[in-house]
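**Student:** Take this sequence and fold it.
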Amino acid sequence: MKIGILITGHPPQELSEDGRYDAYFRRLLGEDTFDYASWSVVDGEMPASIHDADGWLITGSRHGAYEDHDWIPPLEQFIRDCHAARVPMIGVCFGHQIIAQAMGGKVEKYSKGWSVGPTDYQIEGKTYAINAWHQDQVVEKPESAKVMGSTDFCANAALLYDDLFWTIQPHPEYENSFIDGLIRYRGRGLVPDALLDAATGKLDTPLDSPKIAQQMIDFFKKERA
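**Tutor:** Reported below is the predicted structural model:
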């Protein structure tokens with residue numbers, strides 16, 4: 001099975017030798033689990049067809065889904081075309097948000113601020129510790145989306161669309177060491193120090209990223225009519 005990774009942002013150069021988020025997801029899902037291909041959408045590179053892969057994954061980004069960038073409208077149309085053609089898709093953080101926006105939901109900079117570091121999410125009745133790094137949120141979900149996960153801070157933390165799209169606000173691809181780097185290289189001066197200090201104090205928390213990764217794998221491999 002071929003999974004296409006749509007790269008919508010780049011990590012800080014200090015934290016990544018190649019500066020691409022697709023490598024994080026290949027490691028999360030397993031290098032040998034799927035055949036992978038990547039397109040740097042944030043740099044204007046789009047697939048020629050929604051059928052260039054059997055399923056799609058949209059990464060995180062420092063950009064907002066609501067911002068005025070030339071690559072966002074084509075990406076939104078690509079998302080809608082995938083849904084219409086029943087091509088499965090997973091979105092993470094920005095990916096979660098841009099899918100919601102493309103499908104009729106609302107994304108905005110959340111008035112109550114940031115969520116950072118290891119956070120407990122309730123997903124389908126179970127608790128998962130996953131790293132968060134976001135201020136933007138899906139504040140109004142699309143009508144076609146079912147809420148699968150939430151926290152007291154983030155009501156629409158995981159969404160399912162007709163068993164075709166599965167999206168999640170936190171970052172299962174981020175290890176605690178990467179969050180530590182984001183705090184040092186991107187967080188100070190952007191995120192309130194009290195939140196960053198609290199997140200730093202939780203960076204020894206065991207994460208449930210492998211469990212989320214297995215859910216993502218199972219979702220892609222699921223038989224669909």
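**Student:** Spell out, range by range, the helices that occur in this protein.
**Tutor:** With DSSP state H applied, the chain shows helices at 22-29, 72-84, 94-102, 176-182, 193-200, 209-221, listed in chain order.
**Student:** Tell me which of these sits most buried.
**Tutor:** helix 94-102 (a mean of 27; mean count of other C-beta atoms under 10 Å). In short, each C-beta sits where N, CA and C put it, glycine included.
**Student:** Show me what that one packs onto, helices and strands only.
**Tutor:** strand 55-58, helix 72-84, strand 89-92, strand 106-109, strand 136-140, strand 158-161, strand 165-168 (3 or more C-beta pairs under 8 Å, 6 or more residues apart in numbering; DSSP states H and E).
**Student:** need the helices of the chain in TSV with mean pLDDT, can you?
**Tutor:** Listed next are those as TSV, based on pLDDT from 0 to 100:
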stretch	mean pLDDT
helix 22-29	96
helix 72-84	98
helix 94-102	98
helix 176-182	94
helix 193-200	96
helix 209-221	98
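**Student:** on that earlier part again, please produce TSV containing the helices and strands packed on helix 94-102, extended by distance to Leu196.
**Tutor:** Shown next, in TSV, are the helices and strands packed on helix 94-102 (distance: least, C-beta to C-beta, whole Å):
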stretch	distance to Leu196
strand 55-58	26
helix 72-84	29
strand 89-92	22
strand 106-109	18
strand 136-140	18
strand 158-161	25
strand 165-168	23
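**Student:** Could you give the number of residues near the closest residue to His171 other than its chain neighbours?
**Tutor:** Nearest residue to His171, sequence neighbours excluded (C-beta to C-beta, 6 or more residues apart in numbering): Asn131, at 5.0 Å. Asn131 has 25 neighbours, counted by other C-beta atoms under 10 Å.
**Student:** Could you do Asp70 as well?
**Tutor:** 7.
**Student:** any idea how far it lies from Met1?
**Tutor:** As judged by C-beta to C-beta, to the nearest Å, Asp70 and Met1 stand 31 Å apart.
**Student:** ok, now Ile7?
**Tutor:** Ile7 is 19 Å from Met1, by C-beta to C-beta.
**Student:** Same question for Met46.
**Tutor:** Distance from Met46 to Met1, by C-beta to C-beta: 21 Å.
**Student:** ditto for Pro47
**Tutor:** From Pro47 over to Met1 (counting by C-beta to C-beta), the distance is 16 Å.
**Student:** Counting neighbours, go ahead and name the busier of these two.
**Tutor:** Between Pro47 and Met1, counted using other C-beta under 10 Å, Pro47 has the larger neighbour count: 16 against 12.
**Student:** Spatially central residue for this structure, please.
**Tutor:** Val92 (1.0 Å; C-alpha atoms, centre = their mean).
**Student:** thinking that residue is in contact with Glu173, fair?
**Tutor:** Yes: because the distance of 6.8 Å satisfies C-beta atoms under 8 Å, Val92 is recorded as touching Glu173.
**Student:** which neighbours do those two share?
**Tutor:** Phe25, Gly60 (C-beta atoms under 8 Å, 6 or more residues apart in numbering).
**Student:** Show me where the protein dips below the pLDDT cut-off.
**Tutor:** Counting by pLDDT under 70, the chain has low-confidence residues at 16-19.
**Student:** Go again with 90.
**Tutor:** Per-residue confidence for the chain (pLDDT under 90) gives these ranges: 11-20, 185-186, 188, 224-225.
**Student:** From His63, how far out is the residue nearest to His171?
**Tutor:** The gap separating Asn131 from His63 is 19 Å, by C-beta to C-beta.
**Student:** Likewise for Thr167?
**Tutor:** 17 Å.
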